[in-house]
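here is a sequence together with a model predicted from it:
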Amino acid sequence: MGLDVGQGQCYFRGVEDQQSTQHSSNALERLLQLPSGRHYGASADSGCWVMVGRNLVDVTSWSTVPPDASLTLAWGAGGCSIEFAGGGFEMRPGECMWIDGGFAHRGENTPGSDFLTIFIPARQIAAAPLYITPIGAASLNAPPDISGMLVGFAGLLLDGAAKRLVEAPLLDAVLDWVGTCFQPQGDVDATHDAVLRAATMLRESQGDAISIASVADSVGLRPSELSHRFKAYHRVTPETYRKQVRLAHATRSLAEGSPVVKAAHEAGFADTAHLSRTFRQQYGVSPSDWARRFRPTGHRRTE
């Protein structure tokens, strides 16, 4: 594509196919024209969704248990640092970051950064031609063709124009690259068994009421000891982890078409107001506004 590397520019060069090149160029222009902030799009066909961060200044840090696996491209200026159980890394312009669904992590953005993150449902990963082993979190330099595909895919998702015939080859190519180039997650140190079991209990409880004290008792630790060891390993407190697990469950339900009331109840939120507050804190939009992006284009309300 011959784009120069620089602020406000996409960090990739060349996509061999001329039609793909034109589409990626158009998609890049679409991203460059976005106002500062977070922007969302989704596919009613595949269930994939995208968050594009443009010149992010209002979001400098976050922690999450992501609802789906994701691939993030630092397509413009800035970068971020990521921390998670067992390690961390710096993500720089032109790099891609893969994070497994449900993999707790926290991060710090460089103010003014440009990112795009495509979330890929588990069913799409299971259907990939190449089996993808658990990776955890990792980053690599993005090859030009992968960068072009991700920018183009993000543009389609933002516009609600992603359809199965277009998405299928994109997903196959991207997931083949992930499965081929990213290393499997390393073995977990057995000394962290208690906090791993605690995390499993919190994930499996989903919508059921479960107290941190009861989890601590089940794994043989005092609540304060569990909190200290849990945060040291997972980088978030047990309470935050539980809230993020519930949010991930509600997010998946909304993407699958559940009403906000049902999604809140099944995920264990006290009411829709509680879910709405948590959702806005994490994503910057309301649950209903986010979920409408998964409706077929003809069924979306014009706002």
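Sure thing, it's come through.

from now on I want contacts and neighbour counts done on CA atoms only, so please keep to that.
Will do.

is it true that residue 38 lies in a strand?
Yes - with DSSP: H, G, I helix; E, B strand; the rest coil as the criterion, residue 38 is located in a strand.

what's the neighbour count on the residue nearest to it when sequence neighbours are not counted?
Distances taken as CA to CA, 6 or more residues apart in numbering put residue 53 closest to residue 38, at 4.6 Å, once the chain neighbours are dropped. Residues near residue 53, counting by other CA atoms under 10 Å, number 25.

ditto for residue 225
Other residues near residue 225 come to 11 when the count uses other CA under 10 Å.

any idea how far the residue nearest to residue 38 is from residue 110?
Distance of residue 53 to residue 110, computed by CA to CA, to the nearest Å: 12 Å.

likewise residue 89?
14 Å.

more neighbours, the two?
The neighbour count for residue 89 versus residue 110, taken as other CA under 10 Å, is higher for residue 110 (18 against 15).

C-alpha coordinates for stretch 77-85, CSV please?
Written as CSV, here are the backbone C-alpha positions of stretch 77-85 (Å, rounded to 0.1, in the frame of the first residue of the first chain):
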residue,chain,number,x,y,z
ALA,A,77,0.3,6.3,17.3
GLY,A,78,1.0,5.3,20.9
GLY,A,79,1.1,1.9,22.6
CYS,A,80,0.3,0.2,25.9
SER,A,81,1.7,-2.0,28.6
ILE,A,82,0.0,-5.2,29.7
GLU,A,83,0.2,-7.1,33.0
PHE,A,84,-1.3,-10.5,33.6
ALA,A,85,-0.7,-13.7,35.7
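
buried residues in it?
77-80, 82-85 (16 or more other CA atoms under 10 Å).

closest to residue 98 out of those residues?
residue 82 (11.4 Å; CA to CA).

which residue ranges of the stretch 51-200 of the chain form strands?
61-64, 69-73, 80-84, 87-91, 95-99, 105-109, 113-120, 137-141 (DSSP state E, counting those that start in this stretch).

now for the first one, which elements pack on it?
Helices and strands touching strand 61-64, by 3 or more CA pairs under 8 Å, 6 or more residues apart in numbering; DSSP states H and E, are strand 105-109.

counting contacts, what elements does the strand it packs on pack onto?
Judged by 3+ CA pairs under 8 Å, 6+ apart, strand 105-109 is in contact with strand 61-64, strand 80-84.

who does the last one pair up with?
As defined by DSSP bridges, the strand partners of strand 80-84 come to strand 87-91 (antiparallel), strand 105-109 (antiparallel).

how does this structure divide into domains?
18-181, 190-294 (automatic domain parsing).

distance from the longest one to the middle of the chain?
In this case it means domain 18-181. 7 Å (CA atoms, centre = their mean, to the nearest Å).

and stretch 253-270, by the same measure?
The answer for stretch 253-270 is 19 Å, by CA atoms, centre = their mean.

just to revisit the earlier point, dump the domains of the chain into a markdown table; add mean pLDDT as well.
Shown next, in a markdown table, are the domains of the chain (pLDDT from 0 to 100):
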| stretch | mean pLDDT |
| --- | --- |
| domain 18-181 | 92 |
| domain 190-294 | 92 |
